[in-house]
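Q: pasted the sequence and its predicted model underneath.
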Amino acid sequence: MPGGVPGAPDRTASENVRSLLAQSLVDLESAYLYGAHATAAQGSPTAHVVTGKFKLVATGAAERTSRRLMKAVGSRGFSADFPIERHFRDSQAMSLMGPANDLINDRIVDQLLQD
């Protein structure tokens, strides 16, 4: 894998890191797929709140997982040639994309107080 410090050990060869990579991929893909499946059939007036809840969970999982992976692979994770760098960056951006997670929190509280 390109990048990293010349002569430094490749931390991605570690069995623990490999296991972490596999589990993280499953966690992330499951969060996004479950959210997409659960919200696909929503036709209610509060569908945007339900969809928002899944976005909060999925982006939170993406942020935590990509941060954990970056720590596991060290400086190699910041190489543009390494896919974790892109996921790390994308996870940060997803929480800001419309609607932003802060707005989703407001909608959830508004719905809770109306019920």
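A: Received it, and whenever you're ready, just let me know what you need.

Q: so S44, which state does it fall into?
A: The assignment at S44 comes out as coil when based on DSSP: H, G, I helix; E, B strand; the rest coil.

Q: how many neighbours does Q111 have?
A: Residues lying near Q111 (other CB atoms under 10 Å) number 15. The C-beta positions use only the backbone N, C-alpha and C, and glycine is treated the same way.

Q: in contact with the residue nearest to it when sequence neighbours are not counted, which residues?
A: With sequence-adjacent residues excluded and distances taken as CB to CB, 6 or more residues apart in numbering, Q111 is closest to V49, at 5.0 Å. Shown in contact with V49 (CB atoms under 8 Å, 6 or more residues apart in numbering): R107, I108, Q111.

Q: which of the residues you listed fall in strands?
A: Helix and strand membership here follows DSSP state E; of these, not one is in strands.

Q: show me the residues you listed that map onto helices.
A: Using DSSP state H, the subset of those located in helices is R107, I108, Q111.

Q: quick one on the thing from earlier: closest to L33 out of the contacts of V49?
A: Among the contacts of V49, I108 lies closest to L33 (CB to CB), at 21.9 Å.

Q: for M97, helix, strand, or coil?
A: With three-state DSSP as the basis, the three-state label of M97 is coil.

Q: quick one: low-confidence parts of this protein?
A: For the chain, the stretches with pLDDT under 70 are 1-12, 37-39, 41-42, 115.

Q: could you report the neighbour count for the closest residue in space to F54 that isn't next to it in sequence?
A: Sequence neighbours aside, G35 is the residue nearest to F54 in space, at 3.2 Å (criterion: CB to CB, 6+ apart). Taking other CB under 10 Å as the neighbour definition, G35 ends up with a count of 20.
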